[in-house]
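> Sequence first, predicted coordinates after that:
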Amino acid sequence: MKLQADLILTPGKRMQALCEARGISRKELANRLNIAPSQVSRILNEDTKSISSDILIKMATEFHVSTDYILGLEQKSKRKTALPPK
């Protein structure tokens, strides 16, 4: 029932899943997005109620998914093939 699990993923959980799929640590993600590691942790741990549009766009660009996918407005990432780690 993977589809149902996708339906309840929060932005933090989706971002965590994207990191895990690419083998990217929180520290590496912070470096790639040019934000503080603590900010990445707050987002992934869902300790923050909102994500800035700048971070959201950077994340979508980094993982080649839409911002709607990260926000849970789309259920599929629309990525046909897995991208190799950078």
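The structure has been received and is ready for your questions.
> Quick check: which element contains the spatially most central residue of the chain?
By C-alpha atoms, centre = their mean, the chain has its centre lying nearest to M15, at 2.2 Å. With elements taken from DSSP states H and E, the one containing M15 is helix 11-22.
> Tell me the buried residues in the host helix or strand of L56?
Applying DSSP H and E as the criterion places L56 in helix 53-63. By 16 or more other C-beta atoms under 10 Å, the buried positions in helix 53-63 come out as 55-56, 58-60, 62-63. (Glycine included, C-beta is placed from N, CA and C.)
> got it, and stretch 31-49?
For stretch 31-49, the neighbour count (16+ other C-beta under 10 Å) marks 32-33, 35, 39-41, 43-44 as buried.
> Tell me the spacing between Y69 and P37.
Distance, Y69 to P37, using C-beta to C-beta, to the nearest Å: 23 Å.
> Could you identify the pair within the buried residues of stretch 31-49 that is furthest apart?
R32 and S41 (14.8 Å; C-beta to C-beta).
> thinking again about what came up before, taking the buried residues of stretch 31-49 one by one, which sit in strands?
Counting by DSSP state E, no part of the buried residues of stretch 31-49 is found in strands.
> related to what we said a few turns ago, what pLDDT does the residue nearest to the centre of the chain get?
Here the pLDDT value assigned to M15 is 92.
> can I assume it is in contact with E46?
No - in this structure, M15 is not within contact of E46 by C-beta atoms under 8 Å, at 10.0 Å.
> ok, back up a step: closest one of the buried residues of helix 53-63 to R22?
Checking the buried residues of helix 53-63 against R22 with C-beta to C-beta, the nearest one is F63 at 7.2 Å.
> surely that closest one meets L18?
Yes - counting by C-beta under 8 Å, L18 is a contact partner of F63 at 4.7 Å.
> coming back round to it: just name whatever secondary elements the helix holding M15 is in contact with.
Here helix 11-22 touches helix 37-44, helix 53-63, helix 67-71, going by 3 or more C-beta pairs under 8 Å, 6 or more residues apart in numbering; DSSP states H and E.
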